[in-house]
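>>> Got a predicted structure here, sequence first:
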Amino acid sequence: MADHDTTPLVDLRSDTVTRPTPEMRAAMAEAEVGDDVYGEDPTVNALEAEVAALFGHEAALFAPTGSMANQIALQLLVPPGAELLCDADAHVVTYEVGAAAAYGGISSRTWPAAGADLDPERIAAMIRPDGYHAVPTRAIAVEQTHNRGGGGVIPLATLRELRRIADDAGLALHCDGARIWHAHVADGVPLAHYGELFDTLSVCLSKGLGAPVGSLVVSSAERIARARIIRKRLGGGMRQVGVLAAAGRYAVRHHVDRLAVDHARAARLAEALAPFGVLAGPVRTNIVPLDLTKSALDAPALAAAARSRGVLVSVLGPRTARLVTHYDVDDGGVARAIEVLTAIFRG
């Protein structure tokens, strides 16, 4: 953009770039706080109780990041030297810099990436029981919605079948629910129905819900008591953190239902770009995945051209990119992005 151009950027890189709303900032400023390591921050305690209840579980634990929340959950379910099954594009093995192995001693094995399109029977065939020199499988992790799978939603029936398979094999089931709020809005599945299927969930406040920071581990009271120890070991013990938990409470109370607006805006983007043959798959939620294999542009070239015109695009690979709608991109921003991107693809 020219130096004199003061038009705000339309940032479609991620829903992590949102800024707290004025109402959220007010809630943060007014938060009652205490020392959370002692369990004495009333705002944190309230957030944990409220989110646990939404998912029908006994307890929850506030963590500073989604990666920490996932790794706490995995350590609760998989002892050192045992195995986790997940897909090859799962966040827990793609974007968490080897934490499961480095900090949990957890071995992982993956099925070919298919986003939200799971084959429970294929997963069942991968399970290794205890035996001679085998690494025993102890848990399965899935992602709802699936980040690198273009925001796809795993159907409730598929998750129920996976729960049956896990029960038959005596395994635990973890949900990386960073964007489970989007799945809830897209499919109308009550959060408690998701909660009843998983032994642990991690749910994020700082993506589509727009809080500045924070995720929660959701599980039984016994597991969450152990989770507090693991969180401390990982450096996640926090003090007067109610100022952040207040943002999360506001987000959960006020920003879940409005995710439908982000989904509609993503659908508008997808509809506008469909004629150019660059959509990587159907758009179910707030992520528009782009496959530029048949395009004259590669992903870095697209991102550079879009940035020069005031639109930010996320590059995932040489020929893959994505657009993510969120609270900070309104209808005008979507219209501007469509104008810029369609002009680029037309050449």
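The structure has been received and is ready for your questions.

>>> And the residue lying closest to residue 99 once chain neighbours are set aside, which helix or strand is it part of?
Spatially, and ignoring its direct neighbours in sequence, residue 99 is nearest to residue 71 (4.8 Å; Cβ to Cβ, 6 or more residues apart in numbering). C-betas here are computed from N, CA, C, even on glycine. Using DSSP states H and E, residue 71 sits within helix 66-77.

>>> Check what contacts that helix and list those residues.
For helix 66-77, the external contacting residues (Cβ atoms under 8 Å, 6 or more residues apart in numbering) are 61, 63, 84, 91-92, 95-96, 99-100, 103-104, 106, 138-139, 141, 172, 174, 176, 178, 199-204, 206-207, 215-217, 219, 223, 226-227, 230-231, 234, 236.

>>> Assign residue 116 to helix, strand or coil.
Under DSSP: H, G, I helix; E, B strand; the rest coil, residue 116 falls in the coil class.

>>> what residues are up against the nearest residue to it once chain neighbours are set aside?
Spatial nearest neighbour of residue 116, excluding adjacent residues (Cβ to Cβ, 6+ apart): residue 152 at 3.1 Å. Residue 152 makes contact with 115-117, 145-146, 281-282, 284-285, according to Cβ under 8 Å, 6+ apart.

>>> hang on, the earlier thing: and the residue nearest to residue 99, how many neighbours does it have?
26 (other Cβ atoms under 10 Å).

>>> Equivalent analysis for residue 197, please.
Neighbour tally, residue 197, other Cβ under 10 Å: 19.

>>> and it, what does it touch?
159-160, 162-163, 173, 175.

>>> Okay, and it sits in which element?
Using DSSP H and E, residue 197 falls outside every helix and strand.

>>> Which of the contacts of residue 197 has the largest number of neighbours?
residue 175 leads the contacts of residue 197 on contacts (other Cβ under 10 Å) with 27 neighbours.

>>> coming back round to it: partner residues bridging the residue nearest to residue 116?
Here residue 152 sits in beta bridges with residue 146, going by DSSP bridges.

>>> Same question for residue 63.
Residues in beta-bridge contact with residue 63 (DSSP bridges): residue 215.

>>> Relative to residue 195, how far out is it?
Distance from residue 63 to residue 195, counting by Cβ to Cβ, to the nearest Å: 18 Å.
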